[in-house]
Structure formats: structure tokens, C-alpha cells
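S.K.: Give me a model of this one.
(chains A and B)
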Amino acid sequence: MTGKSDTLVAWDDVLASYDPALGLEVHVELNTVTKMFCGCPTEFGAEPNSQVCPVCLGLPGAMPVVNRKAVESAIRIGLALNCEIAEWCRFARKNYFYPDMPKNFQTSQYDEPIAFEGYMDVMVEGEIHRVEIERAHMEEDTGKSLHVGGATGRIHGADYSLVDYNRAGIPLIEIVTKPIMGSREKAPLIAKAYVAQLRELIVALGVSDARMDQGSIRADVNLSLAPVGTGALGTRTETKNVNSLRSVERAVRYEMQRHAAVLDSGKAIFQETRHWHEDTGVTTSGREKSDADDYRYFPEPDLVPVAPSRAWVEELSGTLPENPREKLDRLQADWGFSDLEMRDTVGAGALGLVEETIAAGAAPQAARKWWLSEMARRANDSGVDIAELGVSPAQVAAVQALVDAKTINDKLARQVFDGLLAGEGTPEEIVAARGLAVVSDDGALGAAVDIAIAANPDVADKIRDGKHAAAGALIGVVMKEMRGQADAGRVRELILEKLS
Amino acid sequence: MPEITRDEVAHLATLARIDLDDAELDHLAPQLSVILESIASISSVAGDDVPPTSHPMPLTNVFREDVVVPGLTAAQALSGAPASEQQRFSVPRILGDEQ
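M.R.: Residues are numbered from 1 along each chain as shown, chains lettered A, B, ... in the order given. The predicted structure is shown next:
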């Protein structure tokens, strides 16, 4: 990181002077059992260099062979993004020298991607924005470097680096949008919603673990500004490895404000990569972006072309998940959500979570309530995406089941979530260990009700006169007395019985 | 006729991480030009009816199934490495950025 901080222009001033053009490149790591071009396993977290062979180590004479399943996943992703599927396409070598690629080239696709010319309809604040997809192509992941020495563990200032090639050769699909124009103040939200929806689509297709925090989905954000109303395309920067939905939104906003400051001062934006820093929420300069020429792409001679038959493509299109917009309509009807409730659920990135919670047995409104109030608040407080909070849909459903069974109430349920996040065990174990169960035993409740009536004779008289609404005040007293652990419904019944 | 300039050779050498001094550039640039010219003579015999060909065999769709094949152990993988540490390949300080 450089020491000096960037000058930023106020958000409203950015919009007054400039139009953003946005582009997103998303890398999806496939969940195939083996690598793209060899039979090495792809398990996450294995011992360093234990999932390698001559092919992915780039040893002389090793010959790659394409993984059929990876091609199948690429085609299914392309179809789900409404793309054309190439009738014939080749792999290409992207040549560069960097120790994370032992071959000194990455096997990728260049001007013949397997899928191209598609779109995805993205919902932002209840409105549909069509994001055009330029291409989706197949390539391989790189190894992982560990930088040793220096103060920060970062690449700059390191003495040397240690490389693990387990990840080298794992299949990646890179999905590239066309420039998204006219998004104006919604650019950060559209970027976030696109990546969120793309992630949900990938989950529905079942082709990837789709864990942004583990890097199985990685987003690069391309951004440029042009003078407002000109429709021109300015020089862009490419911000790499933006690895949470929240950061996608923040990175777009940051780069818009930074570009505006550079342009306002009469300077030019250089085409370069930028690094996103999750902790500080800023980007720093990376390297100058190489021209495509410098990669000296050429067709991969060791792999024959891929020519998916139309029958195969047709067969794969029969395996696609439900169209996202039709699915939204169906879910809304099934759940009985209002338009606003549905929009908020999608906007919070909680659609899949709510769906899974309902599938695990919770009532729709209860599932929505927990995710959009309690979980959204907690995620916001800790600055993480709601999906990465650490509470699963199954756990939320289990907590709600305890509420439904009147073992706990909503207030106690919040303490159960505290326990879940602290890793104290299952909801049942937490209720037992923390002593959270609601008291509905008439003996204990009756005694507390008697004390409350005796302490509040005025309120008791009102209830005797038929003002049943006044019971609320006594319920409050009882709840306080019992530290929130009384069954409020039963308390009300007891009060009315005793004062009738 | 294709010709490669001294600047282009210098640029390619940088991309390929080959350290060439001025004398070497003076020496190599004309030689590379000759090689390019020789290869370019192939274009003169390729008619319009011959499409550019990247693969000599008319094969497509050579796939393997998604089944694990045993590879190398970490010890085998690292056996040819000039240096290793923590079961990883040790490489000199990286100056540039990741691609």
C-alpha cells in the first residue's frame, strides 16, 4: 500500500459532472472433482503441492486433456446467461511470466469463447436492469503464493515467495459483461446486485461452491467515467479480487469518487489494475495493464477444438434451473409476500437464505423476519455479507421451531442467535445451557401474576371494569419479573382469569 | 516483408524476461528479421482456399471424464525444485504484480 491517500470527490458532485461506465469480470471456480486439464483432485485445504502432476506443474512433455464435466458446466452457465454457445472454439495460450503459473502461460480462451452474447436481468430497488454479457470462457486457475519477509506479508518488500500449485489448473469460467451504461447513481447497487444474482444462479446450477470468502467466486470491477451526457467511454481501471458483495458496491463507489478527483484536477486516468483493500475500503495502484498483444495469445496446439454438438447443448439446456424471474414470481405467490417484502428480500441478498429457511420448515413470514431484521442488522454491525454471517438457514429454522413450540419467544431467540454465533452448539443445547426456556408452568406464572396485580391495584381495577387492553401493562411487569422468559400468551390468560 | 525492429525485440525480451544488452540487441534484431522473412515465405504458397490451420488433425472434442488420476506426491513434485520450504516451491522475490 502506498502511504498517501487518494483524493475523493463527494458523491453528488461525481454524478453532477460524470457518467459511469461499469464492467464486471467474474471468475467462477467450478466444483469438478478434478482439474481442467488433468486428473488431479481439487479439494480445498489439502496439504501444499499434494494435488499436482506433470500436467499442472508444466513439466516437459506433459499433455493436457480437457475435463468433459468442466465443458458441460461452462455450457450450462452460458445457457443460463442466455448466451449463444459456440459451435466450434479453441483454447489459447496467454503467455506471461509469473511463478503462480509454472507453464509460463495460462491455458485460456481468447477470441473464441465457448459462450457469448447473453444477458442477465438484474433487479435493483424493484426495477429490472438488463446487464449484457459479452462472453463466458473457460480457463484454469493459478497457484497460490505466500510472500515471506518484509513487514506486511504482502508482495511488496517480500524477500522471496513460496508457491503451492494445488490450485493451479482448477477449472475457472470467466464471465465478462459488456460496458453497463446509464446506471448513474445506481452503478454501485447494480454491480452488487449483478454479482449477487450471478452467485445465486451459480448455486442453482450447482456448478461451484460459490463461496466468495473462499475465492470460488471472484469479481473484478472495471470502471470509467465520462463527462455527463456525452455517452463517451473514458479510460478504465480494473479493480481486482473484490471478494464480497458488500465490497463490490463499495469498490465501484470508491473508484467513481477517485476517478472524478483525478479528472477534476485536469489529470488523466491511466489504464491500470487496482487492488481492493477490504480492511480500509480503498484501492491502490497495481501494475500498468498489459496490452492483449503482450500476452501473445495463440491457439493451444496441445488441445483440439471443442465443438459441442447441438444435441448436447439441447440436452444441457434441459438441465437448467428455473428462469430467475419466473422463480421470483412463483416464490412470491407461494410465500404470500407483498411486492415490497419481496423487493427487500432480494435487495438484502437474502432470497436464497429465506428460501432455504422455509424449506427447512419455517413459516415464510418468520423466515423473512429473522433474515431481514435480526440477521441483516447483525451482518451490518459486523460489516459482512448476510450469507457470510455464520448462521445457516437450517439454524434459523431450528430456532423458529423452538419459538413455534413455545419453548422460547422472539426475545429469547435473539439470545440463541448470540449463542450460535459464539459457537455454543445447537439451538436446543444453547437454550438448555443458557437456561432460556420460556416458563409456561401455571404455578410459577400464577405467583408472578399475583404479585403484579397486588403491586398495581389501579391497573387491576381497570381490567376488572372490562378494559382488557390494560392487561398489557401487567404482562410487562410479569415479563420483567421473569426476565423475559414467561409465556406472554399464558400470562395474559391468567391475568384475565384472575380479574374476571 | 515482415521486419522486426530493434525496439520490438527489446520489448519481447522484456516480456520473456531475457536480459539483452545493446550489443546483443544489435546482433539479434537483424537475425530475427531474417527468420521471420523465411517463415513468411510460407504465405506465398498458401492460396485463398487454404484456411489458417492451428491443428494438423481434424479432431474435436477429445475429453476425459471427471475422475481422479493419482498424480505426484509433494516430495516427488518438489524433488526437482532448486529450493523449497514448507512443502512449497521457493522462488526469488517477485517484483511485478499478479496478472
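S.K.: pLDDT below threshold where in chain A?
M.R.: A:1-4, A:150-157, A:288-290 (pLDDT under 70).
S.K.: Give me the nearest residue to residue 87, chain neighbours excluded.
M.R.: Defaulting to chain A. Distances taken as Cβ to Cβ, 6 or more residues apart in numbering or on different chains place residue A:307 nearest to residue A:87, at 6.3 Å, with adjacent residues excluded. (Each C-beta comes from the backbone N, C-alpha and C, glycine too.)
S.K.: Actually, chain B is the one I wanted.
M.R.: Residue B:87's closest residue in space is residue A:48 (Cβ to Cβ, 6+ apart), at 4.3 Å.
S.K.: List the contacts of the residue nearest to residue A:87.
M.R.: Applying Cβ atoms under 8 Å, 6 or more residues apart in numbering or on different chains, we find residue A:307 in contact with A:87-89, B:60-61.
S.K.: from these, which is closest to residue A:371?
M.R.: residue A:89 (41.3 Å; Cβ to Cβ).
S.K.: about what we covered before: which members of the contacts of residue A:307 occur in strands, if any?
M.R.: Cross-referencing these against strands under DSSP state E gives no overlap.
S.K.: How many neighbouring residues does residue 81 have?
M.R.: Since no chain was named, I'll use chain A. Burial of residue A:81 is recorded as 21 neighbouring residues (other Cβ atoms under 10 Å in any protein chain shown).
S.K.: wait, chain B
M.R.: 15.
S.K.: just residue A:447 next, same as before
M.R.: Quick note: residue A:447 (other Cβ under 10 Å) scores 12 neighbours.
S.K.: Who are the contact partners of residue A:232?
M.R.: residue A:226.
S.K.: Near chain A, which residues of chain B? Just list them.
M.R.: Proximity of chain B to chain A (Cβ under 8 Å from any Cβ of the partner chain) is limited to residues B:15-17, B:54-55, B:57, B:59-74, B:77-78, B:84-94, B:96-99.
S.K.: Filter those down to the buried ones and hand me the PyMOL line.
M.R.: Buried residues among the residues of chain B next to chain A (16 or more other Cβ atoms under 10 Å in any protein chain shown), as a PyMOL selection:
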select buried, chain B and resi 64+66+71+72+74+77+78+84+88+89+90+91+94+97+98+99
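S.K.: among the residues of chain B next to chain A, which are in strands?
M.R.: B:63-64, B:84-85, B:88-92.
S.K.: Output those as a markdown table; include the columns pLDDT.
M.R.: Listed next are these as a markdown table, based on pLDDT from 0 to 100:
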| residue | pLDDT |
| --- | --- |
| B:63 | 98 |
| B:64 | 98 |
| B:84 | 96 |
| B:85 | 95 |
| B:88 | 97 |
| B:89 | 96 |
| B:90 | 95 |
| B:91 | 92 |
| B:92 | 87 |
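S.K.: all helices for chain B, in order.
M.R.: B:6-15, B:22-45, B:74-78 (DSSP state H).
S.K.: Would you mind putting these into JSON lines with distance to residue A:25 and mean pLDDT alongside?
M.R.: JSON lines is the format used below for these (distance: least, Cβ to Cβ, whole Å; pLDDT from 0 to 100):
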{"stretch": "helix B:6-15", "distance to residue A:25": "23", "mean pLDDT": "91"}
{"stretch": "helix B:22-45", "distance to residue A:25": "34", "mean pLDDT": "90"}
{"stretch": "helix B:74-78", "distance to residue A:25": "31", "mean pLDDT": "97"}
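S.K.: how about the nearest residue to the residue nearest the centre of chain B, chain neighbours excluded?
M.R.: In chain B, the residue lying closest to the centroid (Cα atoms, centre = their mean) is residue B:16, at 8.0 Å. Nearest non-adjacent residue to residue B:16, counting by Cβ to Cβ, 6+ apart: residue A:97, 7.1 Å away.
S.K.: Contact partners for that neighbour?
M.R.: A:104, B:15-17.
S.K.: how about it, secondary structure?
M.R.: At residue A:97 the chain is in coil, as set by DSSP: H, G, I helix; E, B strand; the rest coil.
S.K.: Quick check: phi and psi at the residue nearest to residue A:87.
M.R.: Phi and psi for residue A:307, reported as degrees, to the nearest 10, are phi -130, psi 80.
S.K.: any idea how far residue A:227 is from it?
M.R.: 46 Å (Cβ to Cβ, to the nearest Å).
S.K.: Identify the residue nearest residue A:166 in space, chain neighbours excluded?
M.R.: residue A:51 (4.4 Å).
S.K.: helix, strand or coil for residue A:185?
M.R.: Applying three-state DSSP: residue A:185 is helix.
S.K.: which residues does it contact?
M.R.: Here residue A:185 is in contact with A:11, A:15 (Cβ under 8 Å, 6+ apart).
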